[in-house]
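S.K.: Dropping a prediction and its sequence here:
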Number of protein chains: 6
Amino acid sequence: MQNLTALLLSLSILLATSHASVQDFCVADLTLPAGPAGYSCKSAANVTAADFVFTGLRKGGNTTNIISAAVTPAFDAQYPGLNGLGLSIARLDLAPGGVVPFHTHPGASELLLVVQGTLVGGFVSSFSNQVYVKKLVKGDLMVFPQGLLHFQINGGGTTTVAFASFGSANPGLQITDFALFANNLPSVLVEKTTFLDDAQVKKLKSVLGGSG
Amino acid sequence: MQNLTALLLSLSILLATSHASVQDFCVADLTLPAGPAGYSCKSAANVTAADFVFTGLRKGGNTTNIISAAVTPAFDAQYPGLNGLGLSIARLDLAPGGVVPFHTHPGASELLLVVQGTLVGGFVSSFSNQVYVKKLVKGDLMVFPQGLLHFQINGGGTTTVAFASFGSANPGLQITDFALFANNLPSVLVEKTTFLDDAQVKKLKSVLGGSG
Amino acid sequence: MQNLTALLLSLSILLATSHASVQDFCVADLTLPAGPAGYSCKSAANVTAADFVFTGLRKGGNTTNIISAAVTPAFDAQYPGLNGLGLSIARLDLAPGGVVPFHTHPGASELLLVVQGTLVGGFVSSFSNQVYVKKLVKGDLMVFPQGLLHFQINGGGTTTVAFASFGSANPGLQITDFALFANNLPSVLVEKTTFLDDAQVKKLKSVLGGSG
Amino acid sequence: MQNLTALLLSLSILLATSHASVQDFCVADLTLPAGPAGYSCKSAANVTAADFVFTGLRKGGNTTNIISAAVTPAFDAQYPGLNGLGLSIARLDLAPGGVVPFHTHPGASELLLVVQGTLVGGFVSSFSNQVYVKKLVKGDLMVFPQGLLHFQINGGGTTTVAFASFGSANPGLQITDFALFANNLPSVLVEKTTFLDDAQVKKLKSVLGGSG
Amino acid sequence: MQNLTALLLSLSILLATSHASVQDFCVADLTLPAGPAGYSCKSAANVTAADFVFTGLRKGGNTTNIISAAVTPAFDAQYPGLNGLGLSIARLDLAPGGVVPFHTHPGASELLLVVQGTLVGGFVSSFSNQVYVKKLVKGDLMVFPQGLLHFQINGGGTTTVAFASFGSANPGLQITDFALFANNLPSVLVEKTTFLDDAQVKKLKSVLGGSG
Amino acid sequence: MQNLTALLLSLSILLATSHASVQDFCVADLTLPAGPAGYSCKSAANVTAADFVFTGLRKGGNTTNIISAAVTPAFDAQYPGLNGLGLSIARLDLAPGGVVPFHTHPGASELLLVVQGTLVGGFVSSFSNQVYVKKLVKGDLMVFPQGLLHFQINGGGTTTVAFASFGSANPGLQITDFALFANNLPSVLVEKTTFLDDAQVKKLKSVLGGSG
């Protein structure tokens, strides 16, 4: 018996030498600079079960805004336990008529799950500009391939809640309108690179807090 | 105007030459043999929006069994649109007292989301055999690092529904009891490799349909 | 001496057994369906030096169109020798005032090299909508991170030629205007998901050959 | 002549600017926190041939224990020169009757080589619980796919020595019995998640130093 | 009881739908063309334990040749069970004075294990041309980073046996002398690209069966 | 309106929490130690457009040396903006008769673009020692698979300029002659491991600054 306990201890000691290694998990230490593969690992000695749990998505964001929608991410920066595990998630809340405008995730594909209400999801392929649109009900899934423009819209009469999973701890989120109009890129450059009219560009810049 | 249309057409033609390529997505053709990276791609010409949507998780599996639980996977073999996109999902239904026994996913980490009821999740680290256990309520998330033994149990009085996302289109699922007792591995070998008593092994083999 | 020749032959025979394998290279066989990692390999016995060379970028595309620009890709579907090697390239020709409109590459980062004339390149980050813009002259390089919206414009008085390298044999190319306006996505959906005015959407749909 | 030497020097200088980079190798600096891809690199200036050599497996571990076996890992934490190179190894010593109990490697597949004696290896597939078992003699190899439960047992009359290679510098090692019984996971939870009897669980907890 | 058996069966059926998928393993079907990630998978229904075992390295190759050495690979083309698992191995036999000439493995790093006799291993870094050389005895390990020139030589009086593990199922093997002299590359080109004298090039071409 | 601005701000705040993360890009901080995946990221707050632009290749290196050629790399250590983006580039300048001697890139495949003059490129496969040689003119491309020996030579009467793109931010460059002769590896070892004559080895060692 004590022999086996001895074995256990010896093995524990052996393996404990890799205690600080990337074995098993790598909870992010947000106080250190990140690298291309993610954040440095918090010392395993300081990791607790709480590091692997995230409660920030119990409630959705505030949808009393012009798009009647909110996106609440749980990426590695919000949920350090995901660091290095190649997964993350975000919560979508859409009031009736709510919309998540055209956007992309530069770093991962998205798998969308509807848990309440209904939703119309769509994306556009890059090689033929073909549109793939479907209406989803509770329990349905739709996948949006990495980097492609897509949107979600609540065409129903009740609030919709959905969760978007991503195959990266940091998929990114680029909302086309914000990228084009919510910064100081000169209107003339926006117009030249989008074919949009000057009035349209200036209008959206003012709406979205852009300048130039 | 026709110039731009011409540009559009010319670009379309250029890019159409890569129409059959892996660009954008690769919906699985389950009739062809798979490879290490997944299945061959269905011709893009035959792909429709329906290929990206999965409705098989609207309902959970039957929980009237001894573990009062059901696991319903939506991996690439069930949901061909996921092929090559590095993501999949499964639905967990746990009646009161229901349990998903200790198991691993050899191919990916798991991100669990509770959408109804409550659940206790836990996993064991490999380098110190430390246990990380937490009770989750609706809206909570818990991540289970790739390949580590973990379980889910419904300690509450109502049915629990949860969805497990994976960072692979085919994460695999190995339930320890089934691996040990639901096959023809001779009892003596099971005993030697698990330290379990003969009576215990034979009992579980009979329960789980194993032989030898 | 003959001993070494014998060794050579024996080694050749040994290694020749892996002649059909993925060793060294995997020239695409475009007649077979692709998979998530690329195309099947042409038999090494039929591969010649010509498979590794591409002459299709000696000349640029026709720039007599409304954007005074042309993009000519040499991705795996055009250049099968790149299959599986994680690299591709495209040629950009921009007449004075020419522009490559806002676009993304869903599958790879881009490294742009100016070989003639001058060019202004810019991209927008996803997490702060910050714009990074620079003027490049002959011999300059600019990198555009994967999946982020970017553009190139020739503000000079002479024709500009540049080459864009990509860290994938199939990086994709999604031009935002074509994705939004060059298909049958209903105008009302485009408007809801872009905040653009109805007149603007209908105007660009007609210009770019879209409908609905 | 000095021209070429000049070229050599100039090239050396050019490339020396990347002296601290990840080029060629990245010997682990165990004093810095690890990240998802491994440890930070020791300065190349301080790297010597000794960093690439490991002598700790000349002898096996002590097999005078209840399983008559010992596993001695040479992973990145023991052998820092492996950091970032995607490879590691472990030595197995099994006295007659010795066994490496059912276990998994969460992070890599294993390629086992028998260098002395004989050994029976086996693993269980996850999708059908099928068992793959084979007896190996000196010079034989068996591969165990990533994350699957497997075991090794010495059914012969002499000591067996084998080496297990892994496709990761840190594959991990989770011995099922230790994960279930060598910690403070309450017996009732173990029983509910394994179908094992209370007496069996308590017996193994006492043997393996577990509590609860 | 039958409930659990029912669960087992239902789960088996569910998971059996992914029976043909890449789950768990992908034994190579050498009769189909390979792709960038490896070979297509043999149907799991036809896979047996024998697919995971390789007995071809029980004996070494014939060392009665000018280098008094033999290299016997067990890569995916020889050992189909390795396909997709990211691992392979080769056996080295070196008679006294035997040498494995300077070579590289384009596709993976190498971890060398000496199981009999002694051996001197060495490699050259690319950024400083620094040489790392060590003498190894039985049980010692040396790692050779991916793609770097390295050699092994038996300076002892007895035969040496070693096994080289690789972090790829198909690491490749390019012996510099064979690449330079065992083909029809014109001598003048070899001389221009190696600085070697004409006599030296022609001598080695004749030894190694080259022409031109 | 202010509602949308509020949304913008709230989203900005949400996403700003991941401001320090690896999202979008990871400009190298060369003052910190690198890891297997590259360098640590410079704080995004300090990143400017200049970090993504490199002007060091406007001019080629000095070709007045014995090989009448120069290679000027723009890898991550020279061009920190490439860190983590999986791309890099180098400029080749070859005077008439100039040659880039046989070399390999251990970390990536190379895609060569001729922008001035002509060039003969060639590489040797590892499994059959077959040579693939082609003459390229302005605008032509040739791909050299990862880790294989290759060369470039200017057989024309005018200076040639070419750019080599790589699918890694740090592909490495190992020039065979420098690896063999530009260090202190004892001549006897070089001879044993290359079959070269003693006089030849000593001659090249003296030319290339080697010793021993």
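M.R.: Perfect, thanks for sending it.
S.K.: Name the residues that touch stretch A:43-55?
M.R.: A:19-20, A:24-25, A:27, A:42, A:74, A:78-81, B:122-123, B:125, B:127-128, B:132-134, B:136, B:139-144, D:33 (Cβ atoms under 8 Å, 6 or more residues apart in numbering or on different chains). C-beta: built from backbone N, CA, C; applies to glycine.
S.K.: just the strands in chain A please.
M.R.: With strands called from DSSP state E, chain A shows them at A:53-54, A:69-74, A:88-94, A:99-104, A:110-116, A:119-124, A:131-136, A:141-144, A:150-153, A:160-166, A:174-175.
S.K.: what residue ranges in chain A are flagged as low confidence?
M.R.: A:1-22 (pLDDT under 70).
S.K.: Find the nearest non-adjacent residue to A:Asp24, please.
M.R.: Leaving aside its chain neighbours, A:Asp24 sits nearest to B:Ser125 (4.9 Å; criterion: Cβ to Cβ, 6 or more residues apart in numbering or on different chains).
S.K.: I'd say that neighbour and B:Phe144 touch.
M.R.: No. Counting by Cβ atoms under 8 Å, B:Ser125 sits too far from B:Phe144 to count as a contact (11.0 Å).
S.K.: the more surrounded of these two?
M.R.: Remark: of B:Ser125 and B:Phe144, B:Phe144 carries more neighbours, 28 against 24, as counted by other Cβ atoms under 10 Å in any protein chain shown.
S.K.: so what's that one up against?
M.R.: Applying Cβ under 8 Å, 6+ apart to B:Phe144 gives the contacts A:52, B:105, B:109-112, B:121, B:123, B:150.
S.K.: Closest to chain E out of those?
M.R.: Proximity of the contacts of B:Phe144 to chain E, judged by Cβ to the nearest Cβ, is greatest for B:His105, which lies at 10.4 Å.
S.K.: ok, the nearest residue to A:Thr160 once chain neighbours are set aside - contacts?
M.R.: In space, and not counting its chain neighbours, A:Thr160 is closest to A:Gly117: 3.3 Å by Cβ to Cβ, 6+ apart. A:Gly117 sits next to A:94, A:138, A:154, A:156, A:158-161 when contact means Cβ under 8 Å, 6+ apart.
S.K.: got it, and A:Ala69?
M.R.: The contact partners of A:Ala69, by Cβ under 8 Å, 6+ apart, come to A:63, A:92-95, A:98-100, A:154.
S.K.: again, but for A:Phe102
M.R.: Residues near A:Phe102 by Cβ under 8 Å, 6+ apart: A:149-151, A:175-177, C:180, C:193-194.
S.K.: can you list the contacts of A:Ala69 in a markdown table and add neighbour count and distance to E:Lys203?
M.R.: Shown next, in a markdown table, are the contacts of A:Ala69 (neighbours: other Cβ atoms under 10 Å in any protein chain shown; distance: Cβ to Cβ, whole Å):
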| residue | neighbour count | distance to E:Lys203 |
| --- | --- | --- |
| A:Thr63 | 19 | 81 |
| A:Leu92 | 25 | 72 |
| A:Asp93 | 23 | 78 |
| A:Leu94 | 29 | 78 |
| A:Ala95 | 19 | 83 |
| A:Gly98 | 24 | 79 |
| A:Val99 | 23 | 76 |
| A:Val100 | 25 | 71 |
| A:Asn154 | 26 | 79 |
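S.K.: between these, which is nearest chain F?
M.R.: Distances from chain F to those, taken by Cβ to the nearest Cβ, are shortest for A:Thr63, at 9.3 Å.
S.K.: Can you name the residues that contact the residue lying closest to the closest one once chain neighbours are set aside?
M.R.: Closest residue to A:Thr63 apart from its sequence neighbours, by Cβ to Cβ, 6+ apart: A:Ala95 at 4.4 Å. Taking Cβ under 8 Å, 6+ apart, we find A:Ala95 in contact with A:63-64, A:68-69, A:154, A:159.
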